[in-house]
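In: Need the 3D shape of this:
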Amino acid sequence: MSVELLCAIESHNYAKICGIPRDFTFQHKLCHDFESLIWVIIYAMMIRRKSTLAATNPIHHTAYKEYLDGYWGAHSHTKLLNSHMALMSAGMSPRRCIVDIVLFPDPLEAEFFRTAMRLLGPQRDGDAEPLTYEKVQTLFRTYIRKTEQATRSTLAAT
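Out: Numbers count the residues shown, from 1 in each chain. Here you go, the predicted structure:
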């Protein structure tokens, strides 16, 4: 889910708990679907890493699963919103941190993640232009091209 939608749900739920009657007036837009698509790709990358570790390194797999569950094992909109915010902050941080060491040790995946989070970061503040098809297409095409180049380089080296 997009951060804007999660914020709207949280605000609506809080008003309901406080007994403040109000309609849910969130307007779903295409940019929210684009953001959701990016989150699905990030999730898929993390699941792939977990599966790889399960087959190759059981100790690291257990530790990684805890991180994965911490970000995605959400049972509330609040937890999911906080997890999205934490992932965006980690992705936009100039320091090498959990992103490069734990979540995405593959440099190309880490670079994709950081680029995606920089694209989504301004969305959370509502200050940026909405995500567009062109922005998302550029993100994916750039990293598909980089992956193809890396694959060719690896094959040429063997």
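
In: and residue 118, what element?
Out: When elements are assigned from DSSP states H and E, residue 118 belongs to helix 107-125.

In: What average pLDDT does that helix get?
Out: The average pLDDT within helix 107-125 is 85.

In: for it, packing partners?
Out: Here helix 107-125 touches helix 3-17, helix 30-56, helix 77-92, helix 133-157, going by 3 or more C-beta pairs under 8 Å, 6 or more residues apart in numbering; DSSP states H and E. Quick note: C-beta positions are derived from backbone N, CA and C, even for glycine.

In: Mind listing what's buried along the third one?
Out: Which is helix 77-92. 77, 80-81, 83-84, 87-88, 90-91 (16 or more other C-beta atoms under 10 Å).

In: quick one: that helix to helix 107-125, angle?
Out: Relative orientation of helix 77-92 versus helix 107-125 (axes from the mean of the first three to the mean of the last three C-alpha atoms, to 10 degrees): 120 degrees.

In: Over to the second one?
Out: The directions of helix 30-56 and helix 107-125 differ by 150 degrees, with the same axes, to 10 degrees as the criterion.

In: so what's the residue positioned nearest the centre of the chain up against?
Out: Per C-alpha atoms, centre = their mean, the C-alpha nearest to the average position across the chain is that of residue 39, at 4.0 Å. By C-beta atoms under 8 Å, 6 or more residues apart in numbering, the contact list for residue 39 reads 1-2, 84.

In: That'll do, ta.
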